[in-house]
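# could you look at this predicted model? Sequence included:
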Amino acid sequence: MAPNKLNSSGNTSMSCSQAENGFVNSFSLFPEKAVQELLQSPIQGDDHLIEFSEALRTVAKALRQVAEGKASAQAEAAEWKRKYELERERNLQFEHTEKSCQEHQAGLEDVRSNNLAKQPTLCNEANGQSERCCSRNGICSHEVLRDGTPDSDSKMVKKASFKLSWCCKGEQSDQFKHDIVSFERGNITTAERSSKQISLKWESCPQTVLILTKPNSISVQILCAEMIRWLRQQKKLHVYVEPRVKVELLTESSYFNFVETWNDDMEILMLHAKVDLVITLGGDGTVLWAASMFKGPVPPIVPFSLGSLGFMTPFYSEHYKECLESILKGPISITLRHRLLCHVIRDAAKNEYETEEPMLVLNEVTIDRGISSFLTNLECYCDNSFVTCVQGDGLILSTTSGSTAYSLAAGGSMVHPQVPGILFTPICPHSLSFRPLIFPEHVTLRVQVPFNSRSPAWASFDGKDRKQLAPGDALVCSMAPWPVPTACLVDSTNDFLRSIHEGLHWNLRKTQSFDGPREA
Ligand SMILES: NC(=O)c1ccc[n+]([C@@H]2O[C@H](COP(=O)([O-])OP(=O)(O)OC[C@H]3O[C@@H](n4cnc5c(N)ncnc54)[C@H](O)[C@@H]3O)[C@@H](O)[C@H]2O)c1
Ligand SMILES: Nc1ncnc2c1ncn2[C@@H]1O[C@H](COP(=O)(O)OP(=O)(O)OP(=O)(O)O)[C@@H](O)[C@H]1O
C-alpha cells in the first residue's frame with residue numbers, strides 16, 4: 001500500500017531535519033544553501049570551476065526534485081489515511097446497523113406471523129421485495145435504516161436515487177457516452193464537449209430534506225418554520241435541521257418534535273447517506289457552509305436567496321412552494337461545482353501520518369501574509385514544475401465557482417462555474433508583470449513557504465479556518481472528486497449570467513445614442 005511505502009522514505013528524510021537547510025530538510029549532509037552559496041561565489045574563468053559549478057547546479061536540481069517528490073508523497077499518504085478512516089467509520093456504522101438489525105430480527109421472530117407488514121428490516125422496495133441488505137461490503141446507497149424517533153417508529157427511509165444526464169441541443173445523452181475525442185484513420189476530432197448542461201432526474205421520490213439556515217436572522221427563522229410545516233404536511237417529507245435550529249423550532253412550538261437533527265460530528269459524516277436534498281436559506285456563505293458539512297459526496301443543494309448578493313443562490317424565497325414542487329418532481333438542471341482538496345504539509349511532522357485533515361473548498365484557498373507586514377514569499381509548483389515565486393500580499397487558488405468571489409476582487413477572470421479549472425490569482429503582487437493564470441483541472445498545485453521566508457504565511461479556506469504555514473510548510477491542492485451539485489433556476493449559463501448582471505452590474509453602461517456622428 002502506498003502509505004507504507006511512503007512511511008519509510010518519509011521517516012528517513014524527516015529524521016535529519018535542519019532548519020537552515022535551503023529548500024528542504026531532507027539532505028542535511030549536502031545542504032542546498034551551501035550549494036547556492038557556492039554557486040553565487042565568483043568563478044575565475046577556470047574550466048574546472050565552471051564544470052564544478054555545473055555539477056552543483058545538477059545536484060541542486062536533484063535536491064529540489066526530491067523535495068517535490070516528498071511533498072506530493074505526503075499529500076498522497078494523507079489522502080490514503082483519510083480514505084482509510086472514512087472506510088473504517090463506515091464499517092463500524094454498518095457493524096452497528098447489522099447488530100441492531102439482528103437484534104430486531106430476533107425480537108420480531110415471535111410476532112412475525114401476526115404482523116409481517118410492520119417488520120422493520122432493511123428492504124429493497126424498488127423490487128417490491130423484502131430483502132436483507134446490511135452487508136459489510138460497503139454502503140448501500142438506496143437503503144438506510146433510520147434511527148428510531150417518536151414519529152418515524154424505526155421505519156426505513158430509502159435514499160432517493162437519481163440519474164444524471166448531459167443535455168445537448170435539446171437531446172439528452174447518457175452520462176457514460178462521454179467520447180470527447182475520437183480517432184479515425186489517423187484523424188483526431190472532438191466528438192462531444194466535456195461540459196454540457198447537466199440534468200438530474202429522480203428515479204425514486206426524495207423523502208428526506210436537510211434545511212440549513214443562516215444564523216441570527218429572524219426572517220430566515222420564520223421562513224424555515226413555514227417551509228418545514230409545508231414540507232411535512234403537503235409533501236410528507238422527513239426533515240433534518242442543525243441542532244441550533246431544532247432548539248429554535250421547539251421554542252416556537254412542540255409541533256416541531258418530528259424534526260430530526262444530530263448529536264455529534266460522527267453523525268454529520270453519515271448525513272450524505274440519509275439526505276436526498278439540501279435546502280439553504282441565506283446567502284452564498286450558507287451555500288459554502290452547506291458544502292463544508294459534506295466531506296465526501298454532496299446531495300443536490302437548492303439555494304434560496306436571503307442574503308444581499310447571492311451568486312450561488314438563484315431561488316427566490318417568496319416562491320418557495322412552486323420551486324420545491326418542481327424540484328421534488330424533477331428533472332432539475334444542475335451546476336456541478338468543483339471543489340478543491342487542500343492538504344497542509346508540515347515540515348515539522350515526524351511522518352506523513354501527522355499530516356492534518358485535508359480541507360475541501362468550494363470557493364478558494366487563500367495563502368496570505370496575515371497580520372505580518374512583510375511581503376509573502378511563496379514558491380509555487382504545478383505537478384512538480386516550478387511556476388513562480390509570489391512576492392506580494394498572497395495567492396488565491398480558486399475554483400471556477402469562486403472566480404466571482406475573492407479572486408475577482410484580486411483581478412482574476414470570471415469563469416463559468418461549469419468550466420473545470422483552477423484559478424491562480426496573486427493578491428497585490430509586487431511586480432508589473434504578474435497576470436493571473438488558469439490551470440487545467442487535473443493538475444496538483446503546491447505552494448511552499450521557503451525556509452528563508454521572513455515570516456510565516458496563513459492559509460484560509462473559503463474565508464474560514466485560518467492555519468499558519470511556517471517556513472518549510474506547504475499547501476498541496478488539487479481538484480476534489482466530490483463536486484457540489486446546485487440546482488439551477490433556469491440553467492447553468494442563464495443563472496451565471498444573471499448573477500453577474502444583477503450581482504455585479506457587469507459591463508453596465510448607458511447605450512450610446514443613435515443620434516450623432518457617422519462613419520462616412
Ligand atoms: N476582497 C474580497 O472580495 C474578499 C475578501 C475576503 C473574503 N471574500 C470572499 O468571501 C467568501 C466567504 O463568504 P462568506 O459569505 O462566508 O463571507 P462574508 O459574509 O464576508 O461575505 C463575503 C461576500 O462574498 C460573496 N461571495 C461568496 N462566495 C461568492 C461567490 N462564489 N461568487 C460571488 N460572490 C461570492 C458573498 O455573497 C458575500 O457578499 C470567501 O470564500 C471569499 O471568496 C472576498
Ligand atoms: N448554518 C450556518 N451555521 C453557521 N454559520 C453559518 C451558517 N450559514 C451561514 N453561516 C455563516 O454566516 C455568514 C453569513 O452567511 P451568508 O453569506 O449566507 O449571509 P449574508 O452575509 O447575509 O449574505 P450576503 O453575503 O449575500 O449578504 C457566513 O460567514 C457563513 O459562513
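Okay, I see it. Values in this document were obtained by computation on a predicted structure and should not be read as measured data. Ligands and ions are numbered 1, 2, ... in the order given.

# residue of the stretch 151-300 of the chain nearest ligand 1, please.
Residue of the stretch 151-300 of the chain nearest ligand 1, by Cβ to the nearest ligand atom: G285 (2.6 Å). For every residue, glycine as well, the C-beta is placed using N, CA and C.

# and whichever strand or helix holds that residue, what does it pack onto?
Element membership for G285, per DSSP states H and E: helix 284-293. Packing partners of helix 284-293 (3 or more Cβ pairs under 8 Å, 6 or more residues apart in numbering; DSSP states H and E): strand 208-213, strand 277-282, strand 301-305.

# in contact with the residue of the stretch 151-300 of the chain closest to ligand 1, which residues?
214, 307 (Cβ atoms under 8 Å, 6 or more residues apart in numbering).

# could you find the closest non-adjacent residue to the residue positioned nearest the centre of the chain?
Geometric centre of the chain, nearest residue: R339, 3.4 Å, by Cα atoms, centre = their mean. Nearest residue to R339, sequence neighbours excluded (Cβ to Cβ, 6 or more residues apart in numbering): A480, at 4.2 Å.

# distance of the residue nearest to P481 when sequence neighbours are not counted from ligand 2?
When the adjacent residues along the chain are set aside, P481 lies closest to L341, with 7.9 Å between them (Cβ to Cβ, 6+ apart). Per Cβ to the nearest ligand atom, to the nearest Å, L341 is found 20 Å from ligand 2.

# what parts of this structure come near ligand 2?
212-215, 242, 282-286, 288-289, 307-310 (Cβ under 6 Å from any ligand atom).

# could you turn the buried ones of the residues you listed into a ChimeraX selection?
Only the buried members of the residues of the chain next to ligand 2 enter the following ChimeraX selection, criterion being 16 or more other Cβ atoms under 10 Å:
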select :212,213,214,242,282,283,284,285,286,288,289,307,309,310
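
# doesn't the residue nearest to P481 lie inside a strand?
Yes - under DSSP: H, G, I helix; E, B strand; the rest coil, L341 falls within a strand.

# show the pLDDT at it.
As predicted, L341 sits at a pLDDT of 97.

# before we move on, what about L362?
98.

# check Y84 too.
pLDDT at Y84 comes out at 70.

# next one: T286
Note on T286: pLDDT of 97.

# low-confidence ranges in the stretch 101-250 of the chain?
Residue ranges of the stretch 101-250 of the chain with pLDDT under 70: 101-156, 168-181, 191-195.

# would you map the helices across it?
218-235, 243-252 (DSSP state H, counting those that start in this stretch).

# who touches the longest one?
Residues from elsewhere that reach helix 218-235 (Cβ under 8 Å, 6+ apart): 209, 211, 213-214, 237, 239, 241, 245, 248-249, 252, 255-256, 258-259, 279, 281-282, 304, 306, 317, 320-321, 324, 328.

# which of these are buried?
Of these, these count as buried by 16+ other Cβ under 10 Å: 209, 211, 213-214, 237, 239, 241, 245, 248-249, 256, 259, 279, 281-282, 304, 306, 317, 320, 324, 328.

# is the closest residue to ligand 2 within the stretch 301-450 of the chain part of a helix or strand, or is it coil?
Residue of the stretch 301-450 of the chain nearest ligand 2, by Cβ to the nearest ligand atom: G307 (2.5 Å). What three-state DSSP gives for G307 is coil.

# give the contact list for the residue lying closest to it once chain neighbours are set aside.
Nearest non-adjacent residue to G307, counting by Cβ to Cβ, 6+ apart: G283, 2.0 Å away. By Cβ under 8 Å, 6+ apart, the contact list for G283 reads 214, 305-310, 313.

# least confident of those?
The minimum pLDDT among those falls on G307, with 76.

# is it true that that one touches G282?
Yes - between G307 and G282 there is a contact at 5.6 Å, judged by Cβ atoms under 8 Å.

# I'd say the residue nearest to the centre of the chain and L362 touch.
Yes - using Cβ under 8 Å, R339 is in contact with L362, at 5.4 Å.

# which neighbours do those two have in common?
291, 399, 484.

# list phi and psi for the second one.
By that I understand T399. Main-chain dihedrals, T399, degrees, to the nearest 10: phi -80, psi 170.

# run a quick neighbour tally on it.
T399 has 30 neighbouring residues, counting by other Cβ atoms under 10 Å.

# check contacts around it.
T399 touches 337-340, 361-364, 417, 422-423, counting by Cβ under 8 Å, 6+ apart.

# what's the closest of the residues you listed to S53?
I422 (36.7 Å; Cβ to Cβ).

# what is that closest one paired to in the beta sheet?
Note on I422: beta-bridge partners by DSSP bridges are F439.
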